[in-house]
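Participant: mind folding the following:
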Amino acid sequence: MRLLIEAILFAIPMILLAWTLPKKYVLLSQIIITALFIAYQSPLSFAILGTITFGNYYLLHKAVLRKSIKFVISLGILVLLIVSAKILFTIHDHWIIPLGMSYYIFRNIHYTIESYNGRIQNESLLFYLAYNFFLPVLIIGPINRYPEFIRDWQRRRVNSEYFSLGFQRILYGFSKIMIIGSYILSLKLSAIISNIDESKHWLKVYLETITVVLNAYFQFAGYSDIAIGISLLLGFRVMENFNFPFLASNMQEFWSKYHMSLTSFCRDYIYTPLASYFRRPMLGVFITMIIIALWHEITLPFLIWGSLQAFGIYLAFIFKDTPTSLVSKNLGRVFVFNYFCLSCVIIDYELAEALDIYKTLFFIN
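Facilitator: A predicted model of the protein is given here:
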């Protein structure tokens, strides 16, 4: 929460300058303020992001090399950086992944691929800096796309609808974080659960399990709402990250509504090429979900979690031609909610504790 509040304090002058400065200075002011924020919060992340931005720009647009070689070098360095950071986080207790690195690495991978495919229309260094140093999405996403960022800049104007919707989304975000997540789920509901008699141990463990998942969801969704709201106040409409995922009736639908900026990235740049090349959609799904899992953390629990998500999507694929009704859709929603919550036990707890929870929930002695 402290990081969020400090980010908002930096965003306030950014918003004011965005509508008072001449347009030619607006992006520069946003870059400077974001750079000051990230340098203050994480000098290492500032150094990494600055090096990536200037280095990748020079490599892709200025270096005298074959296009395919530039692509391989850029992609290789970016992947190596994120994998190295995740591995260090796994093996060293005191290593913390640099602020926002998981997100800005993927943004730059997107830029590299789009540049290779010839879909980057505006190759200005200023725009690339503004894209990478865009404060609202820096910390925790969404993973916005470069063409849409440029399009919004070109169409940007004073828009009362954007201002109204922006403040509304910020209010929604704080409500999800503070009222639903921190107060209702973490404080009130947790207190009720802790007072459940041990004779109802199964119910207690089950409610604790879903409370942890719901709290994480509302916290994350709230941060995304605030990021989207601040972006709107700056005149940019970044993509949604959540679309009522727990109303999905199967796991395939769930993952089209949950962490949408990450899943759409992986769909476009991992699943589609793999499924097209191997002509085996489920192989593409499995690899994609494993990468999504390892993007969070390179550990065995996340590997298992990713496999469980892929299996859930496989079940949806098997039953895709089954006739649907209101009853079957609601039963599907119950299944999706419980399947996802139970699959998250493996990543929410230490392995031994997670196994004990599974034994309790599945009545295994």
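
Participant: got the contact list for Leu135?
Facilitator: Applying Cβ atoms under 8 Å, 6 or more residues apart in numbering to Leu135 gives the contacts Ala7, Phe10, Ala11, Met14, Gln30, Ile33, Thr34, Phe37, Ile230. C-betas here are computed from N, CA, C, even on glycine.

Participant: nearest to Gly118, of the residues you listed?
Facilitator: Set against Gly118, the nearest of these by Cβ to Cβ is Gln30 (27.3 Å).

Participant: now the nearest residue to the closest one once chain neighbours are set aside: which helix or strand?
Facilitator: The shortest distance from Gln30 to any non-neighbouring residue, by Cβ to Cβ, 6 or more residues apart in numbering, is to Met14 (5.6 Å). Per DSSP states H and E, Met14 falls inside helix 2-18.

Participant: what residues does whichever helix or strand comes after that helix touch?
Facilitator: Counting by DSSP H and E, the next helix or strand C-terminal to helix 2-18 is helix 23-41. With contacts defined as Cβ under 8 Å, 6+ apart, helix 23-41 is touched by 3, 6-7, 10-11, 13-14, 17-18, 21, 45-46, 49-50, 99-100, 126-127, 129-130, 133-135, 138, 153, 234.

Participant: now do helix 23-41, average pLDDT.
Facilitator: The average pLDDT within helix 23-41 is 96.

Participant: tell me which residue of this protein is furthest from the middle?
Facilitator: Among residues of the chain, the one most distant from the C-alpha centroid is Ser199; the distance is 39.4 Å, by Cα atoms, centre = their mean.

Participant: contacting residues around that one?
Facilitator: For Ser199, no residue meets the contact criterion (Cβ under 8 Å, 6+ apart).

Participant: now the longest helix seen in the chain and helix 2-18, what's the angle there?
Facilitator: Criterion DSSP state H: the longest helix present in the chain is helix 201-233. Helix 201-233 runs at 20 degrees relative to helix 2-18, counting by axes from the mean of the first three to the mean of the last three Cα atoms, to 10 degrees.

Participant: now helix 201-233: buried residues?
Facilitator: 204-215, 217-233 (16 or more other Cβ atoms under 10 Å).

Participant: just how off-centre is that helix within its chain?
Facilitator: 13 Å (Cα atoms, centre = their mean, to the nearest Å).

Participant: repeat that for stretch 30-40.
Facilitator: Using Cα atoms, centre = their mean, the offset of stretch 30-40 from its chain centre is 21 Å.
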